[in-house]
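Trainee: pasting the sequence and the predicted model now:
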Amino acid sequence: MTESSHFPKKMRRVAIDPVTRVEGHGKVTLLLDEDNRVCQARLHIVEFRGFEKFIQGRPYREVPVLVQRLCGICPVSHLLAGTKALDQLVGVDELTPSAEKLRRLLHYGQVLQSHALHFFHLASPDLLFGFDAEAQKRNILALLESEHRAIALKGIKLRQYGQEVIRAVTGKRIHGVGPLPGGMNRHLSKEDGADLKQAIDQVIGWAQEGLDLVRRIYLTNPDFHLRFAVIRSHFLALVRPDGGHELYDGRLRVVGENGAVLFDQVPAWDYLRHIREQVKSWSYMKFPYLAALGPEAGWYRVGPLARLNACSFIDSPLAEAARREFMALEDGQPVQASLAYHWARMVEILHCAEKIKELLADQDLYRGELMVQGERRAEGIGVIEAPGDARQPDRCHHPQQHRHERSDPPSSSTIPGPAGADRTLAQPDRDRHPRLRSLPVLRHPCHRQDAAYGGAGGCPGPGMPAPDQTWRWYRQRLKG
């Protein structure tokens, strides 16, 4: 079936390829009739990643480190979602206070830097210069050379601070390592904590200035911002048991387009009873929908706008005051305007800055137990709020255990995994999606016995590379 098979042959096709200012690869296609009216519009994600296949057969502890390579902008979200799934797999339902607070600090830094990148680097040039300005002018470098230089610099420094939080917790600004199945690998150092404390009040001030900026932009022309690209939809987000705004943990809540709560407090392990996914021949993107409403009526939005529409309150004072003002745009009903994502994003930047300040004063970041152990389980599911979306649950299985759809929560009474914990294989449950084609799983012959996993090492077989050349060999074989 071709892309335009449902339409007459006289349709004209317009392609925007590539779509810029996104992480990944995409294009937009439009089908126009003889009067240049749009009859079909599609966003195509043309990049096949294959992570769900090539992590199969890997040691389970490698999974979070591997899946964070999905993205260079929000790797922490993938790292934490994968680690939370492995927490369940190793039988850990509750982390130590130190481990949970360190993960939350890491995630707040991630959301802060990602939101700052999105608004100041990618969106603000359009908003400040105007959509009709020359394309060559609408970028962060042009902002730095304009009358908006001061706010652009503050946006860059906001992102820098978020990156420093990530570095302090994981050792690297991008693709660091800190979360482990059952906890964390180290505390925050006193030196890093002192450096972050010294700057946090200024960061909160910058966040407030950014929030004031987007409010002024929005309210200067409210009719345009409230009507432009309005899409009436449902909204899905994680919330706390009391309905509060949540980024790291929580349960699923869906708010309908009219503000009614469609379902609430759904645990991550039960998501398959409420959410389904479609696959389409023209995109590698998945199309999730609410099972009770079906694919046509059950689609929903996620991200900062969804989180503000779904939550009952935010547990930091400045951000909660900003949320109340934001929700007053529609008299307490869900805000549907697409451009309102920018305002919601800045509310969350302020919230993250406030929570970072609160956590830096907590001594659990600097001392206390970091790891918990439990009984092995057959399955683990982890879900988290990424800066731009609710990260789809990572679902991993012991391959030795029978796969089944559960109606009860994970329990430590499930059969424990075999001896040799680090060699347990991770098996993502994605078999129901036919578009995920099989990829070759290549392993170095010495890998099972290398010193990193308690073995004595080994020698390459005939025609095989030495261990330090393994990844180069993977690339060569995959290209072939």
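Mentor: Perfect, I can see it now.
Trainee: ok, which stretches of the stretch 151-300 of the chain are helices?
Mentor: Shown for the stretch 151-300 of the chain, the helices assigned by DSSP state H, counting those that start in this stretch span residues 190-220, 222-227, 294-297.
Trainee: just the buried residues of the first one, please?
Mentor: Going back to what we said before, that points to helix 190-220. If you call a residue buried by 16 or more other C-beta atoms under 10 Å, then helix 190-220 has these buried ones: 192-193, 196, 200, 203-204, 206-208, 210-211, 213-215, 217-218. (Each C-beta comes from the backbone N, C-alpha and C, glycine too.)
Trainee: A81 versus A268, what's the distance?
Mentor: Computed as C-beta to C-beta, to the nearest Å, the A268 to A81 distance reads 10 Å.
Trainee: how about F235?
Mentor: Using C-beta to C-beta, which is the criterion applied here, F235 is 20 Å from A81.
Trainee: low-confidence ranges in the chain?
Mentor: In the prediction, the chain carries residues with pLDDT under 70 at positions 1-9, 23, 389-480.
Trainee: domains of it?
Mentor: According to automatic domain parsing, the chain is divided into the following domains: 12-45, 231-336, 442-480.
Trainee: packed most tightly, which of these would that be?
Mentor: Compared across the domains of the chain, domain 231-336 shows the largest average neighbour count, a mean of 18 (mean count of other C-beta atoms under 10 Å).
Trainee: okay, now that one: how far is its last residue from its first?
Mentor: As for domain 231-336, its first-to-last residue distance stands at 6 Å under the measure C-alpha to C-alpha, to the nearest Å.
Trainee: thinking again about what came up before, now render the helices of the stretch 151-300 of the chain as CSV, adding distance to L153.
Mentor: Formatted as CSV, the helices of the stretch 151-300 of the chain follow (distance: least, C-beta to C-beta, whole Å):
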stretch, distance to L153
helix 190-220, 9
helix 222-227, 25
helix 294-297, 45
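Trainee: closest one to M285 among those helices?
Mentor: Between M285 and those, the tightest spacing by C-beta to C-beta is seen for helix 294-297, at 13.8 Å.
Trainee: what lies in contact with the helix or strand that that closest one is followed by?
Mentor: Elements were assigned by DSSP states H and E; along the chain past helix 294-297, the next helix or strand is strand 300-301. Outside strand 300-301, the residues that touch it by C-beta atoms under 8 Å, 6 or more residues apart in numbering are I231, S233, H234, F235, L236, V254, P288, Y289, L290, A306.
Trainee: and what of stretch 133-150?
Mentor: The contact list for stretch 133-150, computed with C-beta under 8 Å, 6+ apart, reads F120, H121, S124, P125, D126, L128, F129, I151, A152, L153, I156.
Trainee: quick one: strands adjacent to the helix or strand that contains V383?
Mentor: Per DSSP H and E: V383 is located in strand 379-385. According to DSSP bridges, the neighbouring strands of strand 379-385, each with its direction, are strand 390-397 (antiparallel).
Trainee: check contacts around the nearest residue to K154 once chain neighbours are set aside.
Mentor: Nearest residue to K154, sequence neighbours excluded (C-beta to C-beta, 6 or more residues apart in numbering): W206, at 4.4 Å. W206 makes contacts with K154, G155, K157, L158, as judged by C-beta under 8 Å, 6+ apart.
Trainee: repeat that with 10 Å
Mentor: Residues in contact with W206 (C-beta atoms under 10 Å, 6 or more residues apart in numbering) are 116, 120, 151, 153-155, 157-158, 161, 199, 349-350, 353.
Trainee: quick one, phi psi at G250?
Mentor: Geometry field for G250 lists phi and psi as phi 130, psi -170, criterion degrees, to the nearest 10.
Trainee: please name the bridge partners of the closest residue in space to it that isn't next to it in sequence.
Mentor: By the measure of C-beta to C-beta, 6+ apart, the closest residue to G250 outside its immediate chain neighbours is L238, 3.7 Å from it. Beta bridges link L238 to L252 when assigned by DSSP bridges.
Trainee: still on that earlier bit, which one (most neighbours) among the contacts of W206?
Mentor: Neighbours here mean other C-beta atoms under 10 Å. Within the contacts of W206, the largest count is held by I349, at 34 neighbours.
Trainee: nearest residue to K10 in space, please, no chain neighbours.
Mentor: The shortest distance from K10 to any residue that is not its chain neighbour, by C-beta to C-beta, 6+ apart, is 6.3 Å, and that residue is E34.
Trainee: would you say the one you found is within a strand?
Mentor: No - membership of E34 in a strand is not supported by DSSP: H, G, I helix; E, B strand; the rest coil, which gives coil.
Trainee: tell me how many other residues surround K53.
Mentor: Per other C-beta under 10 Å, the neighbour tally for K53 reads 16.
Trainee: packing partners of whatever helix or strand it lives in?
Mentor: With elements delineated by DSSP H and E, K53 resides in helix 51-54, which encompasses its position. For helix 51-54, the packing partners by 3 or more C-beta pairs under 10 Å, 6 or more residues apart in numbering; DSSP states H and E come out as helix 63-67.
Trainee: possible to save the contacts of strand 300-301 as CSV with distance to R186?
Mentor: Supplementary listing: the contacts of strand 300-301 in CSV, determined by distance: C-beta to C-beta, whole Å:
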residue, distance to R186
I231, 44
S233, 42
H234, 41
F235, 37
L236, 34
V254, 38
P288, 36
Y289, 41
L290, 41
A306, 34
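Trainee: from these, which single one is nearest Q56?
Mentor: P288 (22.3 Å).
Trainee: contacts only, for Q373.
Mentor: Q373 neighbours (C-beta under 10 Å, 6+ apart): V90, G91, V92, P181, G182, G183, A421.
Trainee: ok, and the most crowded of the residues you listed?
Mentor: Ranked by neighbour count under the definition other C-beta under 10 Å, the contacts of Q373 are headed by P181 with 26 neighbours.
Trainee: I'd like the distance between the residue nearest the centre of the chain and D264.
Mentor: Residue closest to the mean C-alpha point of the chain, counted by C-alpha atoms, centre = their mean, is A386 at 2.8 Å. Here the criterion is C-beta to C-beta. By it, A386 lies 21 Å from D264.
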